[in-house]
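Undergrad: Structure here, sequence nowhere to be found:
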């Protein structure tokens, strides 16, 4: 089959949800345009922004960094070494190799050096690894961005991630999460910088195809601590529907955002967001809605547990 | 495994979504209680009601009739013979046999005698069979109920049907359908009687188990004109999720109804229902929001096509 755009080269990527198929060069154009449009439509970034890209070593975040650099957006990469045996070393290596080949040196936070590697932190806090990991990552996203003058933090969540999360939130009618689910979370206060998901319009398959055709070498293994089976079930259910009704996933998520714009879930209809401003953590000074921030509480518990053992 | 209720008899029905398993007698009790509760919670029926039960010959509608009779609700059955070669004769036979064994004689509408059998009507109107069938059935539900003094029409839609429809409406953010999806549609005007779905709390599997254990003989073949593949896809996706997370389907639909009660989608939030009152069809006198009712327009087109051929 010929590429549907240039009609010359052989098509390499089949996109039933767009009723199209592209050769590699035209696919790059298409992909970048999808990302640019996604950024423009929701005003995710402005020309003055300095963007901190969170890179895990997986395909989505490296593709995000790659396409933002191609688009001429000023970026630096942030890699958080979670301190997970084997997996962390392998993913750090991929990030350093990718960055090095582009003359970049990513900012690295090492959770072992910070005294809070995820496996130990989860055990100490008796919490689920993914939940602890989320708290710690959010903390460093904000801290590094604030200290180093970044205006915005970007993560690699793609359309499949967001649609699966939306399905889960709807299946449980989780008002709180529904009201906050958006590719743009505005700056909430000093030290709680804007968070954006520039890949919200592109599917996992499209991101994988971009990474593959660009020769980006990423870590393919899943995080060994990730037992977040529910989001995988929602993804699988949506993939089944998508296969039979191409384009459903995109319309589903875009339709949600449209509802959101029209009659915001935020307006109290299905959820009211507490709009109070945060105070400062009495321990570290980070913005927080509680006396001590989630990170410091976690660290305290881990330190105590360590003292006992 | 022993029945979780009486702890004596062998369990015959396993219900992971209720974290339970019952012997046949206890399952009948459980099933009837689910239906009674579903009726009570949403005030579907009152003691003064005379209920017209729409029976197709399939499991859901015969089980509905059966359980309503057991609960002592005054009911009559309405069977609409769609005029579909083979299938209609076989399903009519099941309805007549079921009713006869219980000393009942269902009201029968024969669409061939009415000059509007579904296959011919769909061809004449150049419309999809399921859409034409819906129009014709709604028309006779209302007409028979109004003429014979029934206060309410009951259909056999179960939890799986309603949850699948809800998923489809959400995937497409269909405000209009979302605003009207409910097990109770109140009487809209004289001649547009109340419609209820008393099985909205019981799953398809539970309905099938009830029918099987009660020895109800129903038509198992699907309507040969039904190509409503989309609702089957949604059902399959939800079944996949349900299997891995039992109870999700029920929470999903109940949560939706709860949102609905709390902050009605009807209130204009996700859809505003036109609340104007209907006029009368200039041709047949039935209540309608247009000059001629949908049924009469359909019949006119079919008659014209027939005249031409």
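TA: In hand now; what should we look at? All values derive from a computational prediction rather than experimental measurement. Numbering: from 1, shown residues only, chains lettered A, B, ... in the order given.
Undergrad: which residues does residue A:203 contact?
TA: Residue A:203 sits next to A:17, A:158, A:159, A:160, A:249, A:250 when contact means C-beta atoms under 8 Å, 6 or more residues apart in numbering or on different chains. For every residue, glycine as well, the C-beta is placed using N, CA and C.
Undergrad: Tell me the residue of the stretch 201-309 of chain A that sits nearest chain B?
TA: residue A:255 (3.5 Å; C-beta to the nearest C-beta).
Undergrad: And what about that residue, helix, strand or coil?
TA: helix (DSSP: H, G, I helix; E, B strand; the rest coil).
Undergrad: returning to what we had before: can you list which of the contacts of residue A:203 are found in strands?
TA: Among the contacts of residue A:203, no member is found in strands (DSSP state E).
Undergrad: quick one: stretch A:90-106 to chain centroid distance?
TA: Put simply, stretch A:90-106 sits 18 Å off its chain's centre (C-alpha atoms, centre = their mean, to the nearest Å).
Undergrad: likewise stretch A:103-123?
TA: Distance, centroid of stretch A:103-123 to centroid of chain: 18 Å (C-alpha atoms, centre = their mean).
Undergrad: contacting residues around residue A:70?
TA: Per C-beta under 8 Å, 6+ apart, neighbours of residue A:70: residue A:32.
Undergrad: Equivalent analysis for residue A:191, please.
TA: Counting by C-beta under 8 Å, 6+ apart, residue A:191 makes contact with A:142, A:143, A:146, A:286, A:287.
Undergrad: Show me which pair in those is furthest apart.
TA: The largest separation in these, counting by C-beta to C-beta, is between A:143 and A:287 at 10.2 Å.
Undergrad: Is residue A:173 part of a helix or strand, or is it coil?
TA: coil.
Undergrad: And residue A:14, by the same measure?
TA: Going by three-state DSSP: residue A:14 is strand.
Undergrad: Please name the nearest non-neighbouring residue to it.
TA: Nearest residue to residue A:14 in three dimensions, chain neighbours excluded: residue A:21, at 4.7 Å (C-beta to C-beta, 6 or more residues apart in numbering or on different chains).
Undergrad: just checking, the one you found is part of a helix?
TA: No - per three-state DSSP, residue A:21 lies outside any helix segment and is strand.
Undergrad: State the pLDDT value of it.
TA: The model reports residue A:21 with a pLDDT of 95.
Undergrad: do the same with residue A:126
TA: pLDDT, residue A:126: 89.
Undergrad: Number of residues surrounding it?
TA: 9 (other C-beta atoms under 10 Å in any protein chain shown).
Undergrad: Repeat that for residue A:86.
TA: Applying other C-beta under 10 Å, we find 9 residues neighbouring residue A:86.
Undergrad: So for it, what's the nearest residue that isn't a sequence neighbour?
TA: Closest residue to residue A:86 apart from its sequence neighbours, by C-beta to C-beta, 6+ apart: residue A:224 at 7.8 Å.
Undergrad: is it true that that neighbour touches residue A:82?
TA: No - at 10.4 Å, residue A:224 does not count as touching residue A:82 under the criterion of C-beta atoms under 8 Å.
Undergrad: With neighbour numbers in mind, choose between those two.
TA: In this view residue A:224 and residue A:82 are compared by other C-beta under 10 Å, and residue A:82 has more residues nearby, 26 against 13.
Undergrad: Please list the residues of the stretch 151-300 of chain A that sit near chain B.
TA: Contact residues (C-beta under 8 Å from any C-beta of the partner chain) of the stretch 151-300 of chain A with chain B: A:170-173, A:229-230, A:233-234, A:236-238, A:240-241, A:244-245, A:248, A:251-252, A:255-256, A:258-259, A:263, A:269-270.
Undergrad: Hmm, residue B:172 and the residue of the stretch 201-309 of chain A closest to chain B touching each other?
TA: Yes - Residue A:255 is within contact range of residue B:172, at 6.8 Å (criterion: C-beta under 8 Å).
Undergrad: wait, what's in contact with the closest residue in space to residue A:52 that isn't next to it in sequence?
TA: Nearest non-adjacent residue to residue A:52, counting by C-beta to C-beta, 6+ apart: residue A:150, 4.0 Å away. Applying C-beta under 8 Å, 6+ apart to residue A:150 gives the contacts A:50, A:51, A:52, A:76, A:144, A:193.
Undergrad: just residue A:98 next, same as before
TA: Contacts of residue A:98 (C-beta under 8 Å, 6+ apart): A:55, A:62, A:65, A:216, A:217, A:218.
Undergrad: Go ahead and measure how far the helix or strand harbouring it is from the middle of the chain.
TA: Per DSSP states H and E, residue A:98 falls inside helix A:87-101. Mean C-alpha position of helix A:87-101 versus that of the full chain (C-alpha atoms, centre = their mean) differs by 18 Å.
Undergrad: Tell me where chain A has helices.
TA: Under the criterion DSSP state H, chain A contains helices at A:24-41, A:59-70, A:87-101, A:118-125, A:129-148, A:159-171, A:175-180, A:204-213, A:229-244, A:248-262, A:294-308.
Undergrad: can you list the residues that contact stretch A:99-118?
TA: The set of residues external to stretch A:99-118 that reach it, using C-beta under 8 Å, 6+ apart, is A:52, A:55, A:69, A:76-84, A:92, A:95-96, A:121, A:129, A:132-133, A:136, A:140, A:144, A:148, A:225, A:298-299, A:302-303.
Undergrad: In ChimeraX, how would I select just the buried ones from those?
TA: Typed into ChimeraX, the line below selects the buried ones among the contacts of stretch A:99-118, using 16 or more other C-beta atoms under 10 Å in any protein chain shown:
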select /A:52,55,76,77,78,79,80,81,82,83,84,92,95,96,121,129,132,133,136,140,144,225,298,299,302
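Undergrad: what's the closest of the helices of chain A to residue A:197?
TA: Of these, nearest to residue A:197 by C-beta to C-beta is helix A:159-171, at 7.0 Å.
Undergrad: ok, residues contacting that closest one?
TA: Contacts of helix A:159-171 (C-beta under 8 Å, 6+ apart): A:60, A:174, A:177-178, A:181, A:183, A:197, A:199-204, A:230-231, A:234-235, A:237-239, A:249-250, A:252-253, A:256, B:170, B:241, B:248, B:251-252, B:255.
Undergrad: Can you tell me how far residue A:132 is from chain B?
TA: 23 Å (C-beta to the nearest C-beta, to the nearest Å).
Undergrad: Touching, that residue and residue A:298? I think so.
TA: Yes - contact criterion C-beta under 8 Å: residue A:132 and residue A:298 qualify, at 6.6 Å.
Undergrad: overlap in contacts of the two?
TA: Common neighbours of residue A:132 and residue A:298 (C-beta under 8 Å, 6+ apart) are A:121, A:125.
Undergrad: Just the local confidence number for residue A:107, please.
TA: 98.
Undergrad: Looking only at residue counts, what's the top strand in chain A?
TA: Longest strand in chain A, counting residues (DSSP E): strand A:75-81.
Undergrad: Tell me which strands that strand pairs with, and in which orientation.
TA: strand A:51-54 (parallel), strand A:107-110 (parallel) (DSSP bridges).
Undergrad: and the last one, which residues are buried?
TA: Yep, that's strand A:107-110 we're talking about. For strand A:107-110, by 16+ other C-beta under 10 Å, it's residue A:109.
Undergrad: Repeat that for stretch A:165-185.
TA: A:165-175, A:177-179, A:181-184.
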